[in-house]
Structure formats: C-alpha cells, structure tokens
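>>> Okay, predicted coordinates and the sequence, questions at the end:
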Amino acid sequence: MATEVHGADVVTEGDGIRRRDFINIAAVSFAGVGGLAVLFPLVSQMNPSADVLAQATTEVDLSAIQPGQAVKAVFRSQPLFVRQLTEKEIAEADAVPLAELRDPQSLEDRTVDGKKQWLVTMGVCTHLGCVPLGAGEGENRGEYGGLHRRTSWFRRTNTPPTPPFS
Amino acid sequence: MSFPWAEHYTPKHPVMKWVDERLPLPRFVYNAVGSGYEVPRNLNYFWNFGVLAGVALTIQLITGIVLAMHYAANAGVAFDSVEHIMRNVNSGWLLRYAHANGASFFFIVVYIHIFRGLFYSSYKAPREMVWLLGVVIFLLMMATAFMGYVLPWGQMSYWGAQVITGLFSALPLVGEPIHTWLLGGFAPGDAALNRFFSLHYLLPFVIAGVIILHIWALHIPGSSNPTGVEVKGPQDTVPFHPYYTAKDGFGLAVFLLIFATVVFYAPNYMGHPDNYIAANPMSTPAHIVPEWYFWPFYAILRAFTVDLSIPFTGIVIIPAKLLGVLAMFSSILLLFFLPWIDTSPVRSGKYRPLFKKFFYLLLIDVAVLGYCGGAPAAEPFVMISQIAAAYYFAHFLIVLPLIAIYERPDPLPGSITEAVLANAKHRPADAAAVPAE
C-alpha cells in the first residue's frame, strides 16, 4: 500500500497510554452520559404528572360529622374514611394492648394532638389496595374487601392516617 | 440449517428469479414453512399447537387493531366506548367477542403447547434456546393479556390493575415508588389506562418478533418428535409442505370450529360479569379474580398466608405478601432453568415410566391450583392451594432431578422410521409398508 502508517509508535506516550485509548474512553463515557440523560425523561414521564400530584389536598367539612359517625371522602382518587369517635370507642381503642397489634400504634399516635376523636384513615387495604366494605361503622368494624376479613382492621394493620389535617 | 436432503428452492418464473436475486424472501418462506423444511414423519396432533398459537396471535392482532379504531383510552369514556363497540359499531360485537375469547383460546393453545414440551422434554439439548424464548413469549403474553383486560375499565379491570400493580408494592424500600411509577398516580386512573393501552398495542408485535426468533432457534436442530430420537436420515422426515401444512390445516379447522362455537354461543362464559360494571374506585367487588388463565399463579400468590419470621422473636424477615409475590414470579422463572434441572438423557415421556406418572400428577396439580385460584380465598381452598403450590415447586426442584437419577427408561427405538414401522405392524393394512430409502 502506498500510505505508510506511522501512528502506532508516534501516539504512544511515556506511560504506555495511547491516544486512541483516551479517545475511546472519552467517547464511550460521553455517549454513556448522553444515554442516561436521554433515559431519564423516558423513565420519569411514568411518574405522576403535575395534575395528579395536585390532588394532594382534600378538604372535608367536619362540622356535619356527629360523634360515632363516619364519612367517606376522596383523597387522590382513593377513599378516605373520616370518623368522629365516641368516648366509648376511644376508651376501647386505648384499652387494646399494643403488643396485640400487628403494627403497634396507639390511637394517640394516629390522631392529631388534642383531637383524639378525629380518626382519619385511607380507605385502602395496605395488603393490595382493596377498599374495605363500609366506612368502619360502629365497633371499629370494617372488612377487607375481597381478600380478607378481619375486625378492627384499621388499628391492627398499618393503614396510614392521611397527612396533617386541621 | 435443516437437513442436506431438503428440497432446494428453484424459482422457475422469471419474476420469481428476479425477486430471489434481490430479496430472497420467497426462498426464506420456502425453507421455513414450505417444502424446504424437512420435519420428522411421526409428529402427532400435539405438534399442531405451535401453528395454532401463531394463528391465535394473528386473530388477536387483526381484531385488536380494528378495535383500537373504535376504542378510547380515557378513564371517563373507556367503559362507554367498549359498550359503543358492542352496540353501535358494525360487527363490533363480533370483533370484541372474538378478541376477548381469542385471548382465552391463545392461552388454551399455548398451555397445551407448553405441556407438550414438558411431556416430550422438548426443552432438552439442543433445543434449550427454543424453550427459553418460549418462556419469554409466555411472560410477554401474560403482560399483554393483563393490560388488555384493564382496557374495558370495568370493575374487574380496575381492581385487577390495583391488585397486580400492588404486587410490586410488596418489594422492600423501592416497592411503593415503583407502584406509583407504574400507575403514574396513587391509584389506577387515566395515566395508567393510557400507558396500558399503548403497551397492549406494542407488546403483541414484540411477541411476533420473539416468535420469529423462537422458530429460527427451532429450525437449527429441526423439530423434535414424539420418540425423542433424533432424525438419522432422509427416511425419517417428510417436507413440511404439503405434509404438515395439511395436518396443521386440519387441526386449524377443528380449532376454528370450537373457537367460533364459543364466540357465537357462549361469548361471556370465560369472562366475569363484574366487568360489565363501570370501574368504581370507591367500592371493591366482593371477590376479585383475574382471568382464568392466571388462576394457577393467583393461587400460588395467595398460598402464602404466614410471614417468614425468626422463631419466638416476632421479627419478620419476609412478610407473607412478599413471599407470595416472589413465589408467583418464581413459579414461571423456574421454567427458564428446566433444561438444566431435568438431566435425564431420554427426551420423550413415552419411554419414561416414572416421569410419565409424575407428569400427569403435575397436570392435575396445575388444574387444582387453577381451580383454587378462581375460588374465594377461604378454607379449604387456601390449604389445598398451599399443598398444590408446594408440589408444583417440588416437582421441578426435587422430583425431576431424582427421577433423572433413579428411573430406568424403556428401550428407545433405533430410529423414527423403526418406531413408525413397529407401530404399523399392528395394523394389517399397512403391513406391506416399506421404509422409503
């Protein structure tokens, strides 16, 4: 061939790293970072959009809820149970030994300070997301939909109270 | 690929010659499903089900593309748009019933295809790749079918989506974010419905692509056969066309007769009435069940009712919910390892007396799991599914390796032709048959 290649020894640096190695690593790293930058929006678009996140606030008028009564509201398109407990229910709930519970949490912890009568829970089973039948009327009753059946469901499992309310 | 004695493609018409020199697609088809593909002469009707699965996918693709022209993937109108298809669109009822039942028939055909592979050990060397790609197709089918079932946005659609995506929330730490990410919200809604529709449209084409790889991998060693003895010479094979195009054509006619009978006379038999109630996030149906083809796996999921914890301390290592989810996924992922779990050198279950018994036991076991998966989660079904799930895993992880060690297989025929002729001796009319040399 007419063209002679001098490159091999010319580009060799003192410590043995060739120019080509540097170019290789630089190019692949650059392409890798670029690839990740492209991947990020493709993955993050799957997360809740702004309008879905905007459903994070729900207002419920508590004045109409009598002691012993429960209402079903909607929070993030899932049911929310708002109950005003009676003195008797509070006493009963306090009487339950915590050790007996699957996820020990006292009524105190589950309600806002000084407003122990207002119990607000997501009406969604923590198992696989079913809605319990009934808003937990009467004696802490309520059932898991479809998959389970258990009394005192909202205290015996980790059904979370909603974010701070006033 | 294929055997040296296979017919060569020789285009006679000048146009075909012209095409062949530029894009040899007709040659490719000829060598894949034409006279150029040599197939063992002794295939029985269980070998029809690969072609039938291909036809079932085609039915789903055609009806699905047409249904997408009339369907609206919006949580507000999705349910009504399906009813619009049923009531207003010309022949819409037929297309939807064919699509809904087509999914069931696709699974019926594929389950027979899978159990055929299990009985004749079609997964063994040199066909491991065929099997692995088959398991990939099966997983893709399950994902596609699940997302398709969500689209009508009925009660079972909605709560199925809630429960199945909820499975991912069982994973520690990353579970909840993954759950929200999958749904694009905190509960199934518009975002989830739209992405399910998009993926439900995409995945069948991915399946079609993997099927091409599946057939490609199959055509390298060539099809297996009921004796499990490899092809030894030209006398053992016949060309795919016309021999198996005819046999598959007959099987296809029977399949279409049964399919049409169900579509026209019992279109809702395999469906669930609750899915004719529009999705309601405020109320869960009393009894959530997936479609029948998921029942065995649903039973395995629900078989785990007790947390795995350190004895006497109450410290939970793996909660029951996660155990169930892991078991359900492993029950399918297990199949990827099957070619290396079953070490017996004999392929066909026909010559494996012990294996045969356990194969039928597995068949019954999966049927029992299926029944329990469709039943309410109450006793005695929970206990039965626990026993059946235990056997399912034991079959693959304990029974198969042990059989491979202790079983004494029956003598194998010397060749496919020998087996065919030994069979023919019982029939006087064929007694004069001479092997084609």
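Alright, I've got the coordinates.
>>> make it CA atoms for all contacts and neighbour counts henceforth
Fine.
>>> where are the low-confidence patches of the chain?
Since you didn't name a chain, this refers to chain A. For chain A, the stretches with pLDDT under 70 are A:1-15, A:100-105, A:125-130, A:132-166.
>>> nope, chain B
B:1, B:313-314, B:426-437.
>>> tell me the domain ranges of chain B?
Chain B breaks down into these domains under automatic domain parsing: B:37-288, B:295-406.
>>> Just the buried residues of stretch B:127-143, please?
For stretch B:127-143, a neighbour-count test (16 or more other C-alpha atoms under 10 Å in any protein chain shown) marks B:127-138, B:140-141, B:143 as buried.
>>> what do you get for stretch B:76-86?
Buried, per 16+ other C-alpha under 10 Å, within stretch B:76-86: B:Val77, B:Ala78, B:Phe79, B:Asp80, B:Ser81, B:Val82, B:Glu83, B:His84, B:Ile85, B:Met86.
>>> still on that earlier bit, tell me which of the domains of chain B lies nearest to chain A.
Comparison of the domains of chain B against chain A by C-alpha to the nearest C-alpha identifies domain B:37-288 as nearest, at 4.2 Å.
>>> right, is that closest one up against chain A?
Yes. Contact check for domain B:37-288 against chain A, using C-alpha under 8 Å from any C-alpha of the partner chain: residues in range are B:159, B:162-163, B:166-167, B:180-187, B:191, B:281-288.
>>> I would like a ChimeraX command selecting only the buried ones among these, please.
To isolate the buried members of these in ChimeraX, using 16+ other C-alpha under 10 Å:
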select /B:159,162,163,166,167,180,181,182,183,184,185,186,187,191,281,282,283,284,285,286,288
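>>> show me what contacts B:Cys372?
Contact partners of B:Cys372, counting by C-alpha atoms under 8 Å, 6 or more residues apart in numbering or on different chains, are B:Trp295, B:Pro296, B:Ala299, B:Phe381, B:Val382, B:Ile384, B:Ser385.
>>> how many other residues sit next to the residue lying closest to B:Ala145 once chain neighbours are set aside?
Spatial nearest neighbour of B:Ala145, excluding adjacent residues (C-alpha to C-alpha, 6 or more residues apart in numbering or on different chains): B:Ala103 at 7.0 Å. Look at B:Ala103: counted by other C-alpha atoms under 10 Å in any protein chain shown, it has 23 neighbours.
>>> Likewise for B:His99?
22.
>>> tell me which element it is part of?
If you go by DSSP states H and E, B:His99 is part of helix B:92-119.
>>> Tell me how far that helix lies from the chain's centre.
8 Å (C-alpha atoms, centre = their mean, to the nearest Å).
>>> what does stretch B:220-227 give?
So, by C-alpha atoms, centre = their mean, the centroid of stretch B:220-227 is 20 Å from its chain's centroid.
>>> As PDB, could you dump the C-alpha coordinates of that stretch?
Output of stretch B:220-227 as PDB, limited to C-alpha atoms (Å, rounded to 0.1, in the frame of the first residue of the first chain):
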ATOM      1  CA  ILE B 220     -31.400 -25.000  13.500                       C
ATOM      2  CA  PRO B 221     -31.700 -28.500  15.100                       C
ATOM      3  CA  GLY B 222     -35.100 -29.100  13.400                       C
ATOM      4  CA  SER B 223     -38.300 -30.100  15.100                       C
ATOM      5  CA  SER B 224     -38.400 -32.700  17.900                       C
ATOM      6  CA  ASN B 225     -40.700 -35.600  17.600                       C
ATOM      7  CA  PRO B 226     -42.800 -38.000  19.900                       C
ATOM      8  CA  THR B 227     -40.000 -40.600  20.100                       C
END
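>>> Could you pull out the buried residues of that stretch?
Neighbour-count burial for stretch B:220-227 flags B:Pro221, B:Gly222, B:Ser223, B:Ser224, B:Asn225, B:Pro226, B:Thr227 (criterion: 16+ other C-alpha under 10 Å).
>>> coming back round to it: shouldn't the residue nearest to B:Ala145 be in contact with B:Phe146?
No. In this structure, B:Ala103 is not within contact of B:Phe146 by C-alpha atoms under 8 Å, at 10.3 Å.
>>> residues near residue 115, how many?
Let's take chain A. 11.
>>> Oops, wrong one, chain B.
16.
>>> Now do the same contact list for B:Tyr244.
Per C-alpha under 8 Å, 6+ apart, neighbours of B:Tyr244: none.
>>> any idea how far it lies from B:Gly34?
Distance from B:Tyr244 to B:Gly34, counting by C-alpha to C-alpha, to the nearest Å: 9 Å.
>>> And for B:Ala422?
29 Å.
>>> higher neighbour count, the two?
Between B:Ala422 and B:Gly34, counted using other C-alpha under 10 Å, B:Gly34 has the larger neighbour count: 21 against 13.
>>> Now do the phi/psi pair for the closest residue to the more buried one other than its chain neighbours.
Nearest in space to B:Gly34, with sequence neighbours left out and distances taken as C-alpha to C-alpha, 6+ apart, is B:His241 at 4.8 Å. Here is the backbone geometry of B:His241 (degrees, to the nearest 10): phi -100, psi 130.
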